[in-house]
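> Sequence plus the predicted model coming up.
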Amino acid sequence: MDESVSQLSTQLLQTLSPDPNVRRKAEKWLQSCEGSDGFATLLAKSEPQMDESVSQLSTQLLQTLSPDPNVRRKAEKWLQSCEGSDGFATLLLQLIDASAVDLNVRMSGAIAFKNLIKRNWRQSEDEVNKIAENDRNQIKTVIIDLMLRSPEKIQRQLSDSVSIIGREDFPQKWPNLLDDMIGRMSATEPNFNVINGVLQTAHSLFKRYRHEFQSNELWTEIKYVLTRFAQPFTDLFVWTNQLAISHSNNPQNLKIIFSSLILCAKIFNSLNTQDLPEFFEDNMEVWMKHFLNLLSADHKTDLPEFFEDNMEVWMKHFLNLLSADHKSLQTDSEEEAGPIEQLKSQICDNIGMYASKYNEEFEPYLPGFVQSVWTLLITTGPQPKYDILVSNAIHFLSSVADRSQYQHLFKADNVLDSISSKIIVPNMEFRVSDEELFEDNPEEYIRRDIEGSDVDTRRRAACDLVKSLSRFFEAEMTQVFSQYIQLMLQKYAENPLENWKNKDSAIYLVTSLAVKSGTARLGTTSTSELVNTTDFFVNVIRPDLDRNTNLTQIPVLRADALKYIMTFRNQLPLKEVIIPSLPLIVQHMSAPSVVVHTYAAHTLEKLLTLRDSTQQKMPSIKPDDLTPFMDPLLNGLFGIFSIPGSNENEYAMKAIMRSFSLLQENTLPYFPQLLPKLTQKLSEVTKNPTKPHFNHYLFETLSLTIRIGCRKDRSYVSNFESVLFPIFQEILIQDVQEFMPYVFQILSMFLEVYDTTIPEPYMELFPHLLSPVLWDRPANIAPLVRLLQAYIEKGCQQIISASKLQPLLGVFQKLIASKTNDNQGFYVLQSLIQFASPESLAQYMKQVFVLLFQRLTSSKTTKYVKCLLVFFSLFAHKYGVQSLSDTIDSLQQRMFGMVLEKLFIPEVQRVTGNVEKKIIAFGMTKILCELDSTIIGQYSQFWAPVLQSLVALFELPVDETIPDDEHFIEIEDTLEYQASYSQLVFAGHRERDPLDGVVSDPRIYLAQSLGKLSAKHPGKLNPLITTGLPPNAVSFLQRYCLDANVTIA
């Protein structure tokens, strides 16, 4: 297509834009062309460039880029609705390949294709295959060619798609992929755009080897890759290094060549992470030589056999790369790393891996790399573009320092002092770029500083080096740093307003020395005996918190002080330090600095999760410790949302949640003031949910307020309903998918408060809850099932009267067919068995059993069998064991005997959960003692085996683990947590026990039932027991009878 047609196609596409400015500009352009010669012909030429389906798809993709969330959401839903259509995936590829389509739309199409592949390529027995087999084959046939001829940005998206497909299909279902890639990589007339495309794909395909768990299947795949790929890959690497030398004066070519070398270094890492391949060991010199040359350069523009045998080759080239000199690659930017920084950084990562994992094989090359890295570190500037390079270089030194066999490298005179003065201290300094980040991008500063994402920062790397060196030289490092710390604090004292960065560095040095081990969640768990963290707090840290006259003054030191408390919360004395600091922490919630008030909220939240040393399930800080300043505490936390930049501050919302959890009914007087603020915030985020953690803590806090209020007075529920129902209605109407699971959980809380009758608004909602579209979303299923259970429990007769029982059974049928959700289907069925009248279910019950046995026959799983046995036992409780036997036998003659033989007897010991065990024990006791056919009839041969299995069930280890108090729970702890749905801890409900009040101890119940049966059949049971059960089971049974004061004749 010539340029004029392409331009016309772009303008026509922009007339479809939802942005009126873009649309109006395109329309004016077209009007201005109408009088031009040949315009009509050109217009006709442009029309067949895209067929109607591609045109429609282009329009929808364009609308996904709209700033209007309503337009965007509608287009996203349209795309999702098309995912199950045959040919949709290949249509996306057609659009991506259509040069007539605007590049941004093609890019959007590439992202949509990647997301479609991510969601649907893996096939599951439970789910409909949304990508037809023909489409799958067609995609694998065309995607490599399409990727290699696409623009770079699109190429990356398609490369990721290849990686996702490869994770499932490579190599078994995509055997030609690797050979196809190698063929293009080894072409006689190499094209670097193609080579880099292949290398990018190989990187995407192999990088999962870095974090996969070891398995035979993984080893087989890696061996398959190495056998075919390692030699041509090494040849390409060596050849590319030679090209880098010959093109050293051609910056444009050099940049492309270095992009290849970066990918080679990344692939090298992936192929070596699991173990050292023999090929790379044998070629190590080749790689390491080039790595070392590149690293030293001043560029300012169980072992698979192959790698083990080639280690010398690789190390040689690594060394060369580390030492190479290509000044033409210097970049002007101080922020963005250029190709040489990226390559050196990856090389440092690679040699760090070798130093820590393959130290014996790598030892001959170690001195050269240590010298090269040392030179690099003392000559590299402080600019942010070098941060990852410096971080990885320091981490390499940490890997060396952490190994006892390398201690001699650090024992020479002045080595530790030199490392401290030239590497550690300079890289711990608070730079101008850090200050800019603190002020201009506080979210990123916080993410790096306290969320554990500072792995690639200079400070974290320097801190890790201190820890590694302190492992063998703790006293020496403490002595060296004590001098620096004293000098820094002295410098600060001379002029605090000018020299505050010295104190910041001193605090960081003390923290680095003091912390031996810890986690972000638990804080510091082990400290150095040579550092007194409490004295340092009292003398150095606390004065920064006491300076409350001007909260804007030196905000970094205030943030440091709060972080210090957070870091050493387990070591600082509770009564003497922590509790007296609480009012100071609260004062800092009103600081205008986003970092400072966020750290104040986060520190408070972490302190509230400290555990009492005498009662681990209880918090150390008690409600009485907070009540004296509840007003400033709650006002401070809620006030954070009104400070610019913190309107959706997740740390503040989490601290509110944790405060409510601790204070409980102490918060009731504040409800009239705080509940409107919470509902207003919910209304705001409903319009555009962007922060899932903030949203989760908001719903947790709402759940807490409902629980606290309704526990005090159940009539509170109407107050909550009146303010929340309009917002919930908006969420359901607008189909805000992220929030629906939360809404269903809170609606369940409301319903569970009621005694019997379901209020009319809930009954009006009920038919919509049965809509298939809701049940097609996995995140909805668990909360919807809980809500249905609440409906059934509180108003089963209302459901039946509204003729909704059959649709409800349809939900059960859908769930029971799924291996993932069959347990949820049983929850619905068990609630119906428990609360519906037998008459209302009678006409459906036989078909229910047919469905259950069909699923058992077609796809039996352990989970399904356990659920089925619980259901049978509950059915026996509600309808009688004779009815259970008759219903099963009505499906097939003597089928109940097969259920006993194939299910109850061999499978019952797999059952877990105390309530589930109790229900099954009750049902099995009924089978033993109330069903004539098992005592004297056609199933009597199973009586003793059933009893033996029941005794074995009783004697399994009882689950006595006490769940962690919900006050301490993190959202990642909940089993159901995923990006789209998280179970609300504070909306939880106690497990339903249908036998509550019927049976307390199932062992006693068995003994009593056997006693009654023995009286009915004197002299029959004792011989059955003594001859049919092993001695240990007889002993257990005798103990049950003794405890129940029962004699069996």
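The structure has been received and is ready for your questions. Numbering: from 1, shown residues only.

> residue ranges of the strands in this protein, please?
309, 515-519, 523-527 (DSSP state E).

> would you list every one of the helices in the stretch 401-550 of the chain?
If DSSP state H, counting those that start in this stretch is used as the criterion, the helices of the stretch 401-550 of the chain fall at 415-419, 425-428, 432-440, 442-450, 458-494, 500-514, 533-536, 542-546.

> Nearest to Lys691 among the ones you listed would be which one?
Comparing the helices of the stretch 401-550 of the chain by their distance to Lys691 (C-beta to C-beta), the top pick is helix 442-450, with 10.2 Å. (Glycine included, C-beta is placed from N, CA and C.)

> Can you point out the buried residues in the closest one?
Pro442, Tyr445, Ile446, Arg448, Asp449, Ile450 (16 or more other C-beta atoms under 10 Å).

> Ok, stretch 210-229 next?
Of the residues in stretch 210-229, those buried (16+ other C-beta under 10 Å) are Glu221, Ile222, Tyr224, Val225, Leu226, Arg228, Phe229.

> okay, and for the stretch 401-550 of the chain, where does confidence drop off?
452-455, 548 (pLDDT under 70).

> swap the cut-off to 50 and go again
Across the stretch 401-550 of the chain, no stretch falls below the confidence threshold (pLDDT under 50).

> ok, back up a step: closest to Asn495 out of the buried residues of stretch 210-229?
Sorting the buried residues of stretch 210-229 by how near they are to Asn495, with C-beta to C-beta, puts Ile222 at the top with 59.2 Å.

> For the closest one, list the residues it contacts.
Going by C-beta atoms under 8 Å, 6 or more residues apart in numbering, Ile222 touches Tyr209, Leu271, Gln274, Pro277, Pro304.

> repeat for Val510
Val510 sits in contact with Ile485, Val531, Thr533, Phe536, where contact means C-beta under 8 Å, 6+ apart.

> out of the helices of the stretch 401-550 of the chain, nearest to Pro726?
Ranked by C-beta to C-beta, the member of those that lies closest to Pro726 is helix 442-450, at 31.4 Å.

> what does that closest one rub up against?
Outside helix 442-450, the residues touching it (C-beta under 8 Å, 6+ apart) are 434, 437-438, 453-454, 457, 520, 563, 566, 593-595, 598-599, 602, 645, 651.

> tilt between it and helix 458-494?
If you take axes from the mean of the first three to the mean of the last three C-alpha atoms, to 10 degrees, helix 442-450 sits at 100 degrees to helix 458-494.

> Below-threshold pLDDT in the chain: ranges please.
Across the chain (using pLDDT under 50), the flagged ranges come out as 1, 16-18, 46-50, 299-304, 960-961, 975-980.

> Map the structural domains onto the sequence of it.
Following the assignment in the TED database, the chain carries domains at 50-169, 994-1044.

> what would these look like in CSV with distance to Leu884 and mean neighbour count?
Output for the domains of the chain, formatted as CSV (distance: least, C-beta to C-beta, whole Å; neighbours: other C-beta atoms under 10 Å):
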stretch, distance to Leu884, mean neighbour count
domain 50-169, 28, 18
domain 994-1044, 15, 15
